[in-house]
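**Q** Build me a structure from this.
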Amino acid sequence: MLSIIIPALNEEKYLPDLLESLQAQAFKDYEIIVADSNSADDTHPIALKAGARIVGGGLPAYGRNRGAEVARVDWLLFLDADVVLPFNFLEKAMTEIQEQNLSVASCPIAPLSDRKIDKLLHHAVNLGFQVTKNIYPHAPGFCIFIKKEYHLLIGGFNEKILLAEDSDYVLRASKICKFGLLQSVRILVSVRRLDKDGRLNIAVKYLASDAYRILIGPIESNIFNYQFGYPTEKLSNKTKYRNLC
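**A** Residues are numbered from 1 along each chain as shown. I've put the predicted structure just below:
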């Protein structure tokens, strides 16, 4: 069984698509925990209607840790509210995790976009994940599987880190258990951050943050001016995700 933990702030536009994709999974042995950071929109009732448990949230690391504290089972899956799972994602992922005897894992990503530049950027990210997985593993916080015992052993996400807390988390976990990058699945991710901040700006910011982490250490101040959360959004986000992956 999985405890699926989703930090959220004003996610009424995106959360329904994720919850719908979860409900469509063949794998049904999961619980959903939403760490809601006092959303001003309908995030809370949407989560409740889907049968999720609600805990208090904040920045992503804080919300993920609060969700993990109340998780009832041995495996955790951290997702973001603006991702979508392709059909049979959970079943394929858990099968590969068991076959590879992994204790922490992530997967390649695919954009919820038809733009060539977005596909190229995500391909570059996947290549980076693959090249560094054995020496300096990276993983996006919007898709991390981990055994709860190892989450506890490393003390969870470092809540002092303001950027790349997900890669720090996986790096620390990989030192005490087996990390893997799944090959049987890809997760579909929103490009709203790219649309909001610009593709070149985001690419430079992530490369600079990686260099900072390697040369100096964890990023505990907002030196890269990375903004968290989004204003309330009332528009529909019905995405035809079934044929994207």
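**Q** give the contact list for R172.
**A** I154 (C-beta atoms under 8 Å, 6 or more residues apart in numbering). Glycine gets a C-beta too; all of them are placed from N, C-alpha and C.
**Q** so it is in which element?
**A** R172 belongs to helix 165-174 when assigned by DSSP states H and E.
**Q** which residues sit against the helix or strand following that helix?
**A** Downstream of helix 165-174, the next assigned helix or strand under DSSP H and E is strand 179-181. Contact partners of strand 179-181, identified using C-beta under 8 Å, 6+ apart, comprise 96-97, 100, 102-108, 129-130, 133, 137, 170, 173.
**Q** Check the protein and tell me which residue is nearest its centre.
**A** Closest residue to the average C-alpha location of the chain: F142 at 0.7 Å, with C-alpha atoms, centre = their mean.
**Q** Setting aside sequence neighbours, what's the nearest residue to it?
**A** Residue nearest to F142 in three dimensions, not counting chain neighbours: D80, with 3.5 Å by C-beta to C-beta, 6 or more residues apart in numbering.
**Q** The one you found is in contact with L9, isn't it?
**A** No - in this structure, D80 is not within contact of L9 by C-beta atoms under 8 Å, at 10.7 Å.
**Q** and stretch 36-53, average pLDDT?
**A** Throughout stretch 36-53, pLDDT has a mean value of 97.
**Q** same question, stretch 23-32
**A** Per-region confidence: stretch 23-32 scores 97 on mean pLDDT.
**Q** And stretch 212-231, by the same measure?
**A** In the prediction, stretch 212-231 has an average pLDDT of 65.
**Q** quick one: S167 from K133, how far?
**A** Using C-beta to C-beta, to the nearest Å, S167 is found at 12 Å from K133.
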